[in-house]
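Undergrad: fold the following for me, if possible:
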Amino acid sequence: MCERCLRAQSSCICNWIRPLTSAAQVLILQHPLEVAQAKGSGRLLHLSLTDSVLAQGEQFDEAVLRDLLFGGGIQPVLLYPRTPGEPAGALPDLSTPERLRLVILDATWRKSRKMLYLNPLLQVLPRLPLVDPPASQYRIRKAHRADQLSTLEAACHALGQLEDAAARYLPLLQAFDGFVTQQSSYVPADVLNDPPA
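TA: Numbers count the residues shown, from 1 in each chain. Alright, predicted model coming up:
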């Protein structure tokens with residue numbers, strides 16, 4: 001096992017790590033089912049964003065989650081679309097990303113909704129939806145819509161949006177393409193070409 005990426009040496013992803021320091025702090029809440037998911041991008045994101053924090057769980061202890069979210073007096077913002085019909089909540093001042101903590105749920109859409117339901121502290125956070133997200137390059141996992149991005153893609157686009165510096169995250173997105181190509185080499189072609197369920 002690779003001690004850094006926690007994968008077998010034959011499928012090590014360390015070659016795709018691109019160290020970056022984001023202006024906003026990044027907190028990745030990873031669902032337990034994503035921990036050993038070979039196609040998951042959350043760990044690569046964490047290893048690339050030098051000051052990110054990765055916490056694993058589905059339902060977090062409230063005191064622990066409160067500290068993760070609000071520790072240091074930083075304003076947390078949840079990277080998550082607004083629910084249809086939900087009034088647009090007031091976002092904090094986004095002009096100074098250094099004062100923000102971008103909270104990312106690393107999970108399938110179904111599991112991310114469960115994480116929201118089980119953790120009331122997440123439900124009350126202001127939500128930051130992506131503005132005009134590009135089509136995903138995440139060919140190794142099924143999506144119902146082209147704008148359903150991987151955790152890494154969504155985080156890069158959100159950080160670029162917050163910092164008004166999308167080009168800054170291009171090296172990581174380009175490395176992600178290499179990661180996807182590596183992972184797709186392990187998956188039979190008929191599975192990759194199977195349309196979304």
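
Undergrad: quick one: low-confidence parts of the protein?
TA: 83-90, 133-148, 186-197 (pLDDT under 70).

Undergrad: where along it do the strands fall?
TA: Assigned strands in the chain, in chain order: 25-30, 53-56, 75-79, 100-106, 127-128 (criterion: DSSP state E).

Undergrad: for residue 53, list the residues it contacts.
TA: 25, 26, 27, 28, 68 (Cβ atoms under 8 Å, 6 or more residues apart in numbering). Just so you know, the C-beta spots here come from the backbone N, C-alpha and C atoms, and that holds for glycine as well.

Undergrad: return the members of these classed as buried.
TA: 25, 26, 27, 28, 68 (16 or more other Cβ atoms under 10 Å).

Undergrad: what's the local residue count around the nearest residue to residue 64 once chain neighbours are set aside?
TA: Spatially, and ignoring its direct neighbours in sequence, residue 64 is nearest to residue 55 (7.9 Å; Cβ to Cβ, 6 or more residues apart in numbering). Number of residues near residue 55 (other Cβ atoms under 10 Å) recorded here: 13.

Undergrad: tell me where the protein has helices.
TA: 32-35, 42-48, 62-70, 109-118, 120-123, 151-163, 170-184, 189-192 (DSSP state H).

Undergrad: burial measure for the nearest residue to residue 69 once chain neighbours are set aside, as a count.
TA: Nearest residue to residue 69 in three dimensions, chain neighbours excluded: residue 76, at 4.5 Å (Cβ to Cβ, 6+ apart). By the measure other Cβ under 10 Å, the count of residues near residue 76 is 20.
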